[in-house]
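*Asks:* Show me how the following folds:
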Amino acid sequence: MKLHFTHIRKRTNCPGFTLVEVLISFVIFGMATAGLIYGYVMANRMAEWSAFSLAAQSAASQGAERARAANWRPRDYPPATGPGTMDELPASTNGLPVITNVDYFDIPTKGDPTSSDFDSWVTNYVWLTNVSTNPPLREIRSDAVWRFSLTGQIYTNSVVLLRAPDQ
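*Replies:* The predicted structure follows:
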């Protein structure tokens, strides 16, 4: 017995895609979409890190300017140190900072910009070092130490100034 397949059309005459072609196109589309979403998430993360880093740099600058604004007249006699005297901030001893200040970042982390739900803190350390006595010169170093909330990694922003005495 012989079968005749004269009623079956050839593949070249059928328009459309096979199931394998459709599945491969879905995989390619999924990979492209995942890449776009990953790029968006990373751009958002870098923008948030930049906001925190700029706020920390501002905190370090504020600490350095606070120390620079203190009274320092090393040629006055008799020497006196402490608030309201000729040297309001004496140089650091034993490697300890002269000023330590803990504050929060002024960046809301959730919701609208007027909310006050801060969860990120910055610690500012200020060291004063006498570089030379003739001429009198002092180094002011301000470090702002902060933790990035998304990764938990600790970062430090620093400002270093050289200061001459008050006239």
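*Asks:* check contacts around the most centrally placed residue in the chain.
*Replies:* Taking C-alpha atoms, centre = their mean, the centroid of the chain lies closest to Ser53, which sits 2.7 Å from it. The contact partners of Ser53, by C-beta atoms under 8 Å, 6 or more residues apart in numbering, come to 155, 157. The way it works is simple: take the backbone N, C-alpha and C, and place the C-beta from them, glycine included.
*Asks:* Arg163 too?
*Replies:* Going by C-beta under 8 Å, 6+ apart, Arg163 touches 68, 72, 137-140.
*Asks:* Buried ones among those?
*Replies:* Listed as buried from the contacts of Arg163 are 68, 72, 138-140; burial here means 16 or more other C-beta atoms under 10 Å.
*Asks:* Looking at these, which are in helices?
*Replies:* If you go by DSSP state H, the buried ones among the contacts of Arg163 have Arg68 in helices.
*Asks:* Between which two of the buried ones among the contacts of Arg163 is the distance greatest?
*Replies:* Pairwise distances across the buried ones among the contacts of Arg163 (C-beta to C-beta) peak at 12.3 Å, for the pair Trp72 and Glu139.
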